[in-house]
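1. After the sequence you'll find the predicted model.
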Amino acid sequence: MTTPSLADVPHPIMFRDDDFGLAQVRTIALGYPEAHEKISHGRPCFFVSKMFAMYGGSTKETGQMSTVPHCVLVKVDESDREALRADDRFFVPAYLGPSGWLGLDFDRADVDWDEVGELVDASFRLVAPRRLVRQLEGP
């Protein structure tokens, strides 16, 4: 008998379909051309050729790993990163933070869904193939 590697062990599901904000994030993210959802690392993730948004996350900002269950993780342009980090609703997610991602914690203040839409839009535009970005810009 062989011992399974960590890659063979599935991640536990870390969300429920009725989690705060998940329905709104799904609606926003799945509105993009060729966007689809799949579960990765136990969380809902939204992809085109690459991931552009994730619902739920974790952080190591306090030195210990902590879960941030109601949030959206997005890739941000380097020019926006410092300003967003100055807002205490945002955090650097574990694992994805070094690659330019930030999280917006829905539990830290009232959620502005227009703002969430803008963040997801910017993230999509950073990772999507050019042909999909052109579809957003119209003919």
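-> Yep, that arrived.

2. ok, so what distance separates P33 from F20?
-> Computed as Cβ to Cβ, to the nearest Å, the P33 to F20 distance reads 27 Å. (Each C-beta comes from the backbone N, C-alpha and C, glycine too.)

3. how many other residues sit next to the closest residue to R85 other than its chain neighbours?
-> Sequence neighbours aside, L102 is the residue nearest to R85 in space, at 7.0 Å (criterion: Cβ to Cβ, 6 or more residues apart in numbering). Applying other Cβ atoms under 10 Å, we find 25 residues neighbouring L102.

4. doesn't A86 make contact with L102?
-> No. Using Cβ atoms under 8 Å, L102 makes no contact with A86, being 11.4 Å away.

5. how far away is the residue nearest to V76 when sequence neighbours are not counted from R134?
-> Distance criterion Cβ to Cβ, 6+ apart; nearest residue to V76, sequence neighbours excluded, is L102 at 5.1 Å. Distance, L102 to R134, by Cβ to Cβ: 26 Å.

6. One more: D18?
-> Taking Cβ to Cβ, one finds D18 at 36 Å from R134.

7. quick one: which of the two has more around it?
-> Neighbour tally, D18 and R134, criterion other Cβ under 10 Å: the higher count belongs to R134, 12 against 7.

8. Thanks a lot, catch you later.
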